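J.: Prediction below, plus the sequence it came from.
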Amino acid sequence: MPQFIENGPDIPEDLIYALKAQKLVFFCGAGISMYTGLPNFKGLVENIILKLNLPEGSHEKKLLKEECYDELLNYLEQKYQPGQIRQLVSEVLSVPYKNKLDFHEAILDLSKSKNGYRLVTTNFDNRFLETRKINHNNIHIAPALPIPDSNSWHSVVHLHGLLNLNNDSNDYNLLNLVLTSADFGNAYLKFGWASKFLIELFNNFTIVFIGYSLNDPVLKYLLDAIATKKMMQTNNSQILSKNKTNQFAYQKH
């Protein structure tokens, strides 16, 4: 496997070929924005709990220690006034960036397609927009997602929503964030628009994950949804195959 810098990582040749063929998609998590001063999902929840000034021994603090972050946010949304928790999310993630956005710029450069970009992120922040390499026309925001194919898709996809799109009233954007366990369930299972997008994405492209940990709730829902959808597709294919076999046997008889 080739190295592009001395003592750098070994890059699989398949990734290089996929990049040259514009079949490589970077899938970016909170880790890519941490160097700019933003927290990961755990840090986001910890900041919200801190802002709520909850006492030790509270149910919320127990859920926090158990690392049930999406469930904790769901509990908080039911407990507090509508929109209050999402407004806190906006406050935590709306801080100016501390360092240059070199990492985001490099990822965008690698993600260029013939007519734009092909990149997916589950981050709520607008760091990619702040690079000024892209504008609002280069972005798709959940749940209004494109079909991820090689011909028509050329955008940065914010799979879980985006804050501060127009730097004005963002109530609509806050409402559509995939934030709580209920939101994840709707996006990946009940309505399934996120999992449908991902299955098409995985079918058509080679994916490189950046900025996630193995115990990240996002990866859990993502992998569970894909496994469920693939199982359903397999079962449907088996049923269709069985029906065709039975039809053939009937016609032959």
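T.: Thanks, I have the structure now.
J.: Report the contact partners of the nearest residue to residue 54 once chain neighbours are set aside.
T.: Of all residues not flanking residue 54 in the chain, residue 60 sits nearest, at 5.1 Å (CB to CB, 6 or more residues apart in numbering). Bear in mind the C-beta positions are built from the backbone N, C-alpha and C, glycine included. Residue 60 is in contact with 49, 52, 54, 72, 75-76, counting by CB atoms under 8 Å, 6 or more residues apart in numbering.
J.: Which strand or helix spans residue 60?
T.: Secondary structure from DSSP states H and E places residue 60 in helix 59-65.
J.: Using CSV, write out every CA atom in the following helix or strand past that helix.
T.: The helix or strand immediately downstream of helix 59-65 is helix 69-79, counting by DSSP H and E. Only the C-alpha atoms of helix 69-79 are listed here, as CSV (Å, rounded to 0.1, in the frame of the first residue of the first chain):
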residue,chain,number,x,y,z
TYR,A,69,-26.9,10.3,25.3
ASP,A,70,-29.7,10.0,22.8
GLU,A,71,-32.1,8.6,25.4
LEU,A,72,-31.1,11.4,27.8
LEU,A,73,-31.9,14.1,25.2
ASN,A,74,-35.2,12.4,24.5
TYR,A,75,-36.0,12.5,28.2
LEU,A,76,-35.0,16.1,28.5
GLU,A,77,-37.2,17.1,25.5
GLN,A,78,-40.2,15.5,27.2
LYS,A,79,-39.4,17.2,30.5
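J.: what packs against helix 69-79?
T.: For helix 69-79, the elements it packs on are helix 41-52, helix 59-65, helix 84-93, helix 181-185, judged by 3 or more CB pairs under 8 Å, 6 or more residues apart in numbering; DSSP states H and E.
J.: I'd like to check what contacts that helix. Which residues are they?
T.: 41-42, 45, 48-49, 52, 59-60, 63-64, 85-86, 179-184, 217.
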